[in-house]
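>>> Make a model of this:
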Amino acid sequence: MADDLYDEFGNYIGPALEDSEEEDDEQHQQRDEFGDEGEDGGAAYRGDVDAMQEDDEPAEGGMQVVLHEDKKYYPSAEEVYGAEVETLVMEEDAQPLEVPIVAPVKVKKFETLEAEPMRTHYSNEFLATLMANPELVRNVAVVGHIHHGKTSIVDMFVEQTHELKRFTASQEAAGKQLRFTDTRLDEQARGMSIKMMPMSLVLEGGSGKSYLINLLDCPGHVNFNDEVTAAMRLADGLLLVVDAAEGIMVVTERAVRQALQEGLAITLIISKVDRLITELKLPPADAYHKLRHTIEEVNNLIAACCGGVVPPDMLLDPVRGNVAFTAASSGWSFTLQSFARLYADIYGAGFDPREFAKRLWGDLYFHPEERVFRRTPPRTGTSERSFVTFVLEPLYKVYSAVIGEHPKTVEGLLAGLGVYLRTATYNLDTKPLLKEVCTSVLGSCAGVVDMLVQHVPTSRTATASKVGAHYSGPLDSPAVEFMTACNPRGPLVIAVAKLFPRQDCSRFDALGRILSGTVRPGDTVKVLGESYTPDDEEDSAVATIGSVWVYQARYRVPVARATAGNLVLLEGVDGTIVRTATLVAEAYEEPVHIFRPLRFQTKSTVKIAAEPLNPSELPKMVEGLRKVSKSYPLCSTRVEESGEHTIFGTGEMYLDCLMKDLRELYAEVEVKVADPVVAFCETVVESSSLKCFAETPNKRNKITMIAEPLDKGLAEDIEAGNVRLEMGRKQLTDWFQTRYEWDLLAVRGLWAFGPDVQGPNVLLDDSLAAETDKGLLNAVRDSVIQGFQWGAREGPLCDEPIRNVKFKILDATIAPEPINRGGGQIIPTARRVCYSAFLMATPRLMEPVYYVEIETPADCIAAIYNVLAKRRGHVTADVPKPGTPIFIVKAYLPVVESFGFETDLRYHTQGQAFCQSVFDHWQVVPGDPLDRSIVLRPLEPAPVQALAREFMVKTRRRKGMSDDVSINKFFDDPMLLELAKQDADLAMIF
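Below is the predicted model of the structure:
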């Protein structure tokens, strides 16, 4: 049977088959052939046969049995990489299965970028040539209130220098705007700028000469003031954009104040002049008064910031040429000088345009019979001012003809002006036709370019003032001489003020201003951080510049070199930069100080707690927070004792944009966010009721101190930088004696500000030399200052910063042996005595307060009063805007009550009111935070006098602390005995 031929495993065990005999014959034949080949071949074959016949020894090659695990399918690591390369083999795969071994390159789509540089009316070589001459460079920040037309003005410049695709008829009809500098997708969706965006353009003036204008388009929303601050650090002048209908608003006021502090030249451009014609429908004479009133408002604002009088070089006047008018949506802009040149070009009149321009503003009237200008109106004919006659009335005629007349009438009007358009142009819709007509009649933006060139200092001139205002080191060093001269052959020094994310959001590029030297790709520089000093070089690193670009919003132009006076974008230096930095050539050996960090006009008072949805992704979120802090200069993060990560921002809009970037760009994790809360401060309202003291753990040192309120306004002056400890002793004494009537001894005893260098608290040495060993006290001065600043950073009530408190050292007993007065003994003791003195001085909580500006029609004012009253807000003024139906309501609103205020306001006004809120000041919260008699009931609003207690308890609970302040934690036993004795004495008296 067939089954007998095979064993149980399927192996053949039957008789030999015929095929096997044939195979044996073939093998014998092959053996004979090998034998004929020669002795070597035969010997090798016989050797193989002998090896096959040996059963005890394994054979190499041939028919030996090789196990699966011993087979070699791939070369070894040593064969591939070499014998000297260390190879690590992991027995288990630590990488999750869902993660690819080679991750694909992710390109995050968060902004609109061009694949390659766009075509312009000038070459990149010509741009590089202009960069080499700082006399032809102007650095200008475009600043103004939200929706006042800043981005549209920059678009007008872009359209005149770039070859852009025209919008379709449907897009034109829908009112689609270019918004070239709004590169982010969320900016385009919201219709507002979020980030400052540089745009370097080569623009021609009225004479045909070309200049390099570096425009910095800034956000208009008040929450993004940090972007404006960064732009002003880089710019030399300010192009202030003011809406012709709305006038100056809260952002305008703050921008003017900040520009004057920075020492920037201010030029004014009144935007949306067409609103006076098409929206408000003002007659030309009323439009003139409206424009004049707007200019006077800005001048009054400058005067208020300069002590009541406008300096002659800062006066804004159309006759001086530092005021321009524009309607960017219609594509036109002019100054009086450019309009006068337009008359000379059209009519060929033989007059000086500059003299004619001087007569186009003010109370001047044209007398046509005598063809002269006088300050008195003519007795016959029109009695309108010259600006109305020669500027506004022709403008009104163009608008009325395009909007309401037949195309043939428009064609005839333009023919009289020497302008001829294609026949197809007259068949366009009204808005595109109006833009074509106005652009053809009023020409390019050469008038605005001339204004910037004339009234904004050159990059070379302004560099000296930048160094003098912001350089933290001595101004007589060799490096300062090179920077002041803006010398391209000096050592390379670059001040970095802003970081921009790369397309994959893994790295950042640094935008900086070259102050001296020349930068090239591949240069090695030292990156000096904000904490760097020549004595402490910890906050510094060495980096290599990868690429050098000129930033053009949606694309970048690489350059081989850039000289002093220019703004450049640098790759590869962001590793250690947090917000700002100073780059210095590595080969430069002389000591170089840093440029001072940015000084913001507002504070981050709103905070939220964030945690990842998946706890294992916490490292990703922490890394994302680090990147977010680089992108948003005013953002700060902190880890509380409870372990929660808190993020500080300026407002709800700011935090909304920040969290969107954190989730989608920088961390790419799902983040849970708690309800927003407010950053409080702690203060005192009286002097300490007794002298408070604390002893060191070794009982060898004792410090006595009291706390009292700081002089009103001094904390704000310290934070604004009006007074610094680096000032000379005489200058410091004169300042305090003049402003706050301090005596000479108090100024001499001024030790430090806290919790940081410009903090709103003061530490004074008020001890007497007869009672205290000044030598020993000065020996521990640094330790006492550290303890004071530590205590001022985290107050005893709820771990919030202390504000507006003056700490006085009255007595000190210090051990003579250095080993007994080390920092470990003195620092915590100084902190504890600050806390005890603070708690004995009637402590109170302080809350931040918003200044709220609301635009509203008159019939909604009553509803606004009601909404504010429910949120502890109060109105300070409600004034009408001249020439408009709009009222401006100005109010103060506590930040803790502001969450949802804008939604509530729109609900009660049917969407007719629009508000802007910005931090203004701190105020004391009503009530005593240490009053234990107050009972806080859940889900019930606390009465006004219990607010301080409620805020303190809820803040302590959120931070994982007990409800009440522990006295034993901050008072020594001798101090507690002294308090008990005092209570007993008071009980006997009463």
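
>>> Chain neighbours aside, what residue packs nearest to residue 375?
Counting by C-beta to C-beta, 6 or more residues apart in numbering, residue 363 is the residue found nearest to residue 375 once chain neighbours are left out, at 5.7 Å. Any C-beta I mention is one placed from the backbone N, CA and C, and that applies to glycine too.

>>> same question but for residue 625, I mixed them up
residue 637 (5.0 Å).

>>> How far does the longest helix along the chain sit from its chain's centre?
Across the chain, the longest stretch assigned as helix under DSSP state H is helix 284-305. Averaged C-alpha coordinates place helix 284-305 at 31 Å from its chain's average position (C-alpha atoms, centre = their mean, to the nearest Å).

>>> Any buried residues in it, and which?
By 16 or more other C-beta atoms under 10 Å, the buried positions in helix 284-305 come out as 284-288, 290-291, 294-295, 297-299, 301-302, 305.

>>> What is the subsequent helix or strand relative to it?
strand 323-327 (DSSP states H and E).

>>> Just the CA trace of that following strand, in CSV.
C-alpha atoms of strand 323-327 as CSV (Å, rounded to 0.1, in the frame of the first residue of the first chain):
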residue,chain,number,x,y,z
VAL,A,323,-0.1,115.3,7.8
ALA,A,324,-1.5,113.2,4.9
PHE,A,325,-5.0,112.3,3.8
THR,A,326,-6.0,109.0,2.3
ALA,A,327,-8.8,106.7,1.4
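
>>> Which pLDDT does the model give the residue nearest to residue 425 when sequence neighbours are not counted?
Nearest residue to residue 425, sequence neighbours excluded (C-beta to C-beta, 6+ apart): residue 436, at 5.4 Å. Model confidence at residue 436, given as pLDDT, is 89.

>>> Neighbours of residue 436, how many?
20 (other C-beta atoms under 10 Å).

>>> Could you point out the helix or strand that follows the helix or strand where it lies?
Secondary structure assigned from DSSP H and E places residue 436 in helix 430-442. Following helix 430-442 in sequence order, the next helix or strand is helix 446-455 (DSSP H and E).

>>> contacting residues around that next one?
138, 140, 203-206, 211, 213, 237, 239, 265, 267, 269, 320-324, 326, 333-335, 337-339 (C-beta atoms under 8 Å, 6 or more residues apart in numbering).

>>> which parts of it are buried?
446-453, 455.

>>> Could you list the low-pLDDT ranges of this protein?
The model of the chain has pLDDT under 70 over residues 1-3, 17-63, 90-91, 169, 172-174, 349, 381-382, 986, 990.

>>> about what we covered before: how about the secondary structure of the residue nearest to residue 625?
strand (DSSP: H, G, I helix; E, B strand; the rest coil).

>>> Which parts of the stretch 651-800 of the chain are helices?
All helices of the stretch 651-800 of the chain, identified by DSSP state H, counting those that start in this stretch, fall at 652-661, 714-719, 729-740, 744-748, 774-779, 781-793.

>>> Out of the ones you listed, which one sits most buried?
helix 781-793 (a mean of 21; mean count of other C-beta atoms under 10 Å).

>>> and that helix, what does it pack onto?
Helices and strands touching helix 781-793, by 3 or more C-beta pairs under 8 Å, 6 or more residues apart in numbering; DSSP states H and E, are strand 750-754, strand 761-765, strand 805-813, helix 823-839.

>>> would CSV of the ones you listed with mean neighbour count and distance to residue 480 be doable?
Below are the helices and strands packed on helix 781-793 laid out as CSV (neighbours: other C-beta atoms under 10 Å; distance: least, C-beta to C-beta, whole Å):
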stretch, mean neighbour count, distance to residue 480
strand 750-754, 22, 26
strand 761-765, 24, 31
strand 805-813, 22, 36
helix 823-839, 24, 35
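
>>> Now do the contacts for residue 613.
669-672.

>>> out of these, who's nearest residue 896?
Ranked by distance to residue 896 (C-beta to C-beta), the contacts of residue 613 are led by residue 672 at 21.8 Å.

>>> For the closest one, name its beta-bridge partners.
Listed beta-bridge partners, residue 672: residue 611 (assigned using DSSP bridges).

>>> you'd agree it is up against residue 612?
Yes. Counting by C-beta atoms under 8 Å, residue 672 touches residue 612, with 7.4 Å between them.

>>> More neighbours: which of the two?
Neighbour totals were compared for residue 672 and residue 612, and residue 612 leads with 19 against 9 (other C-beta under 10 Å).

>>> Which among the helices of the stretch 651-800 of the chain is found nearest to residue 129?
helix 652-661 (37.9 Å).

>>> chain center to the strand ranked longest in the chain, what's the gap?
Using DSSP state E to define each element, the chain has its longest strand at strand 843-857. Distance of strand 843-857 from the chain centroid (C-alpha atoms, centre = their mean) equals 23 Å.

>>> okay, the angle between that strand and helix 823-839?
Angle of strand 843-857 versus helix 823-839, following axes from the mean of the first three to the mean of the last three C-alpha atoms, to 10 degrees, is 70 degrees.

>>> Show me what strand 843-857 pairs with in its sheet, parallel or antiparallel.
strand 681-684 (antiparallel), strand 886-894 (antiparallel), strand 914-924 (antiparallel).

>>> buried ones in the longest one?
Judged by neighbour count (16+ other C-beta under 10 Å), strand 914-924 contains these buried residues: 914-920, 922.

>>> ok, then the element right after it?
helix 947-958.
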